[in-house]
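Asks: sequence and predicted structure are below.
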Amino acid sequence: ASSAACPDLAALEAAVAEFDGCALRETALNLCFADGSPDAEVMLIGEAPGAEEDRLGKPFVGQSGKLLDKMLAAIGLERSSVYITNVVYWRPPGNRSPTPQEIAACQPFLERQIELLKPKIIVFLGGSAARGLLGVKEGVTKLRGRRFVYTTADGTRIPAMVTFHPAYLLRQPAQKRLAWRDLLALRQRLREAQAEAAD
Ligand code: URA
């Protein structure tokens with residue numbers, strides 16, 4: 001089925017499970033479509049599933065995921081209340097980075113996923129996660145701290161931001177200071193979006 005024809009997230013997941021246009025599915029054990037709540041206000045988009053994610057069929061359940069859970073908890077967000085996915089739905093062999101072709105193959109599904117979820121804010125984890133959807137080229141250090149807007153195919157404007165990937169923070173813990181600022185900015189923009197919706 002075409003992604004645009006999928007009426008809800010369950011139908012979209014079923015369409016991704018049937019999709020054979022991305023070669024990563026041939027080497028992966030499981031599809032990692034998403035985790036969290038279909039009513040989430042916050043959508044987090046990472047790069048690609050790793051070994052643990054591939055084994056369990058869920059994004060961000062390994063070491064990076066544990067740090068991500070702590071980051072969310074620091075601003076009062078539970079993992080179960082947000083929605084987490086990646087720009088590719090299958091683990092690249094040996095944890096290599098997904099290619100631009102693999103990302104492009106999955107992108108129509110991700111675009112529809114955003115349109116169906118309609119989050120109040122999107123957080124890209126790492127520069128490469130942000131590249132395809134925001135049409136930016138800079139690395140994460142130039143992208144973080146800025147306010148982006150992602151516009152869906154149906155014209156909904158969704159606030160978006162970029163922060164460090166948790167795997168990067170595990171290697172560069174000194175950058176957690178800046179990640180904390182990003183989390184505070186996330187909390188602030190979420191409050192703004194909630195206030196706007198209440199008007
Ligand atoms: N890193 C990612 O980008 N995504 C995952 O799901 C896990 C680790």
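Replies: That came in fine, so what should we check first?
Asks: what's near enough to touch the residue most central in space within the chain?
Replies: For the chain, the residue nearest the mean C-alpha position is residue 45 (0.8 Å; C-alpha atoms, centre = their mean). Shown in contact with residue 45 (C-beta atoms under 8 Å, 6 or more residues apart in numbering): 85, 86, 87, 110, 122, 123, 124, 125, 129, 130, 133. Any C-beta I mention is one placed from the backbone N, CA and C, and that applies to glycine too.
Asks: tell me which stretches of the chain form strands.
Replies: Remark: strands assigned in the chain by DSSP state E are 35-36, 42-46, 83-86, 121-125, 148-151, 157-163.
Asks: quick one: closest of those strands to the ligand.
Replies: Distance to the ligand, taken as C-beta to the nearest ligand atom, is lowest for strand 42-46 among those, at 3.0 Å.
Asks: give me the mean pLDDT for that closest one.
Replies: What strand 42-46 shows for mean pLDDT is 98.
Asks: over to stretch 57-76?
Replies: Here the average pLDDT along stretch 57-76 is 98.
Asks: do stretch 111-126 as well
Replies: pLDDT averaged over stretch 111-126 gives 98.
Asks: buried set for the longest helix anywhere in the chain?
Replies: Assignment by DSSP state H gives helix 176-198 as the longest helix of the chain. Residues of helix 176-198 classed as buried: 176, 178, 179, 182, 183, 185, 186, 187, 189, 190, 193 (neighbour count, 16 or more other C-beta atoms under 10 Å).
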